[in-house]
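K.L.:
predicted model and sequence below, questions to follow.
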Amino acid sequence: MTPAQTPTKRLKLAGVVTIYRKYAHPQHIIDRFNEGYGWNGAWHRPDMDIVSLYVDQRGEDDLTQERVDRHPGMKLCSTIEEALTLGTGKLAVDGVFVVAEHGTYPLNTNGIMMRPHYEFFKAITNVFRASGRSVPYFNDKELSWKWEWSKQMVDTARELNFPLQGGSSLAVTWRIPSVEFPLGAVTQEALSIGYGGMTSYDFHGLETLQCMVERRKGGESGVEWVQTYQGDAFWKAHEEGLWSKSLFNAALSRSSTVAPASPTFTNTFPTLEQLKKLVSKPVAYHYKHRDGLFSTMMLMDGLVRDFTFAAHIEGQSRPFSTQMYLPMPDGRTTLASFFSPLVNNAEQMFLTRKAQYPVERSLLTSGLLIAGVDSAIAGKRLDTPHLAAVTYQPNPASTFWRS
């Protein structure tokens, strides 16, 4: 990532978050803007200040007041409008970021938490409209739990002409090995292996795939259909070779956290029977892109605790593969440093007023998550004409963290 020029004045940011507690996404992001973070061998302090903060839910473990006392220039606001206008009646900040990953919100009928990304977005863009101008907008993780709202967010950003940048750390963190998917490469199949459950960590697995395959020849062509496999149906599809076993093996071999198949071993490759014992609830979102690419996102909770990727690339004799490195606190790290490249890319967007990667990636992954859950509930393949319409070109530059 190329650093943007230092602005002549420090930018003013508004933060709109669901909660503010230790280890939650808002803490990782807000603290980096306020305190700085390690970046390429130096302690980097952003050329911008959070001047206002709206926190939707506050509990016993809330950090809001402690942080506001520490940073008196960060005004705690009772409404989103106040956070953006600072009481002036018009937009008074240079950028806004939304972090709605955590909190207590109801579930929809499909079990997806109805996090208020869209409600926050509407309140923010209402201020944009009333003020007659817009500012860059960063949205952590998915756009919305509802497809129509996700699409409307992207459409509104285009209408009001402001950069909208979304997604999580998966696309921008370190990789082991430190490799980029070759721009313009021809590929027919790709696969990711991750952990966690549907309606949450599936987004990370989908983003692991999409940030890679969007760089293939022709760019992203859209997704025709999605089918979810769980339990016995997953194992049957795996045994029958619905997805490439060589890609599965390559992706699994990139993991640093494979669970031992036997208590006396730390370094064995599990057999199929051992996989079945380790993974009680396997999940795969298997889907076809309009250009013929097949992608498979797997959640293998109990087997791994990281995210890996593999693809067959034309002209390469072995699968292209890597791990998206996420050193999680409070085990291998205290810092959750994978949030640093996420914040740095947001900084570059605020400074340049240009999204560092296409928001269509977040739109497609948000839609794939919803479609994957819908397919699981329906128990069959679902056509996705709305996702077939999501076509875009990647940023030719590479935006993941190298150090």
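P.N.:
Received, thanks. Numbering: from 1, shown residues only.
K.L.:
domain ranges for the chain?
P.N.:
11-167, 175-324 (automatic domain parsing).
K.L.:
redo these as a markdown table? Include mean neighbour count and mean pLDDT.
P.N.:
C-betas here are computed from N, CA, C, even on glycine. As requested, these are exported to a markdown table (neighbours: other C-beta atoms under 10 Å; pLDDT from 0 to 100):
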| stretch | mean neighbour count | mean pLDDT |
| --- | --- | --- |
| domain 11-167 | 19 | 97 |
| domain 175-324 | 19 | 97 |
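K.L.:
can I get those domains in TSV with distance to A388?
P.N.:
Below are the domains of the chain laid out as TSV (distance: least, C-beta to C-beta, whole Å):
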stretch	distance to A388
domain 11-167	13
domain 175-324	4
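K.L.:
ok, which of those domains comes nearest P358?
P.N.:
P358 sits nearest to domain 175-324 of all the domains of the chain, at 7.6 Å, using C-beta to C-beta.
K.L.:
quick check, distance from that closest one to the centre of its chain.
P.N.:
16 Å (C-alpha atoms, centre = their mean, to the nearest Å).
K.L.:
pull the contacting residues for D306.
P.N.:
Contacts here follow C-beta atoms under 8 Å, 6 or more residues apart in numbering; on that basis D306 touches G194, Y195, S255, S256, T257, Q323, M324, Y325, L326.
K.L.:
would you mind measuring from the first one to A376?
P.N.:
Put plainly, it is G194. Noted for G194: a distance of 16 Å to A376, by C-beta to C-beta, to the nearest Å.
K.L.:
hmm, W39 and N344 touching each other?
P.N.:
Yes: if you go by C-beta atoms under 8 Å, N344 and W39 touch, sitting 6.6 Å apart.
K.L.:
so which of the domains of the chain gets nearest Q348?
P.N.:
Across the domains of the chain, closest to Q348 is domain 11-167 (C-beta to C-beta), at 9.3 Å.
K.L.:
next, the contact list for the nearest residue to E314 once chain neighbours are set aside, please.
P.N.:
Once flanking residues are discounted, E314 sits nearest to V186: 3.9 Å by C-beta to C-beta, 6 or more residues apart in numbering. V186 sits next to R216, K217, I313, E314, G315 when contact means C-beta under 8 Å, 6+ apart.
K.L.:
same thing with A157?
P.N.:
A157 is in contact with Y137, P163, L164, V359, counting by C-beta under 8 Å, 6+ apart.
K.L.:
one more time with 10 Å, if that's ok
P.N.:
When contacts are counted by C-beta atoms under 10 Å, 6 or more residues apart in numbering, A157 touches F121, T125, F128, S134, P136, Y137, N139, P163, L164, Q165, A355, V359.
K.L.:
ramachandran angles for it?
P.N.:
phi -60, psi -40 (degrees, to the nearest 10).
K.L.:
mind checking how far it is from Q165?
P.N.:
Taking C-beta to C-beta, one finds A157 at 10 Å from Q165.
K.L.:
next, give me the two most distant ones among the contacts of D306.
P.N.:
Y195 and Y325 (14.3 Å).
K.L.:
need the strands for the stretch 201-350 of the chain, in chain order.
P.N.:
Ranges of strands in the stretch 201-350 of the chain, per DSSP state E, counting those that start in this stretch, are 223-230, 283-289, 294-299, 307-313, 320-324.
K.L.:
could you dump those strands into JSON lines and include distance to S398?
P.N.:
Below are those laid out as JSON lines (distance: least, C-beta to C-beta, whole Å):
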{"stretch": "strand 223-230", "distance to S398": "24"}
{"stretch": "strand 283-289", "distance to S398": "22"}
{"stretch": "strand 294-299", "distance to S398": "20"}
{"stretch": "strand 307-313", "distance to S398": "15"}
{"stretch": "strand 320-324", "distance to S398": "13"}
